[in-house]
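Peer 1: Next comes the sequence, and after it the predicted model I'd like to discuss.
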Amino acid sequence: MTPPATRALADRLVEAIAVVLMLAMLGTVVLGVAFRAAGAPLVWTDELAQYLLVWLGFVGWIIASRRQSHIRITVLLDRLPDLMRRTLEIAIQLAIVALAAILTWQAGPLIRRNIDVETVTLPFPSAMLYVLLPVLGLALVVQAVIEIREVLAGAPRVRPEPGARAP
C-alpha cells in the first residue's frame, strides 16, 4: 500500500492545483465580464476560461478517482457474493487502466498535431489543451493499481458519503 503520508501529500498537491485552476478560471471570467461591462471586452478571456475548464475537469477526474467518489450504480455489485464482487471490481479497475492507456497513447499524436496550431486569441499552441492527458492517464493507472491491490488484500470497499473524503 502507498504510505499514508505520501498519499496525503499527493492528494493535497492535486487539490492545490485544482484550487489554482478554479481561481484562475474565476479571475478570468470576472475580468472578462468586468471589461465587457465597461465596453472594452478582452478577446482572450473566453478562450482561456475554456482551457482552464478543460484542465480543471481533468484534475477533478483525478480527485474523484482518488476519493472513490465517481458516480457508481452498485445495486447488482452489492448483491454478488464476495469473490464475484471482488472479481468484478478488479475488472472495472482494469477497464479504467485500458481507458487511461488509450488517453495516454492518443495524447502524443494530439499534442504533435496541434503544436503548430495557434490558439485564436492566446499566444500559445492549441496543443496546450492536451498536455495534461499523459499526467491524467498515469494518475488513473496508479489509482487503479492501488485499488486492485486493496481488493486483492481483502480491504473492504468504503464508499464515502457525497462530499466526504475517502479514508
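Peer 2: Perfect, thanks for sending it.
Peer 1: So which elements touch the lowest-mean-pLDDT helix or strand in the chain?
Peer 2: Among the helices and strands of the chain, helix 75-79 carries the lowest confidence by mean pLDDT, DSSP states H and E, at a mean of 85. If contacts are counted by 3 or more C-beta pairs under 8 Å, 6 or more residues apart in numbering; DSSP states H and E, helix 75-79 sits against helix 82-114. All C-beta spots, glycine's among them, are computed from the backbone N, C-alpha and C.
Peer 1: Buried ones in the helix it packs on, by neighbour count?
Peer 2: The neighbour-count check on helix 82-114 (16 or more other C-beta atoms under 10 Å) flags 85-86, 89, 92-93, 96-97, 100, 103-104, 107, 110-111, 114 as buried.
Peer 1: Need the residues that contact the least confident helix or strand of the chain.
Peer 2: The contact list for helix 75-79 (C-beta atoms under 8 Å, 6 or more residues apart in numbering) reads 85, 88-89.
Peer 1: And those residues, which is closest to residue 34?
Peer 2: Closest approach between the contacts of helix 75-79 and residue 34, by C-beta to C-beta: residue 89, at 48.7 Å.
Peer 1: got the contact list for the nearest residue to the closest one once chain neighbours are set aside?
Peer 2: Residue nearest to residue 89 in three dimensions, not counting chain neighbours: residue 151, with 5.0 Å by C-beta to C-beta, 6 or more residues apart in numbering. If you count contacts by C-beta under 8 Å, 6+ apart, residue 151 has them with 86, 89-90, 93, 157.
Peer 1: ok, the residue in the chain sticking out farthest from the centre to residue 133 distance?
Peer 2: Within the chain, the residue lying farthest from the chain centre (C-alpha atoms, centre = their mean) is residue 39, at 36.5 Å. Distance, residue 39 to residue 133, using C-beta to C-beta, to the nearest Å: 39 Å.
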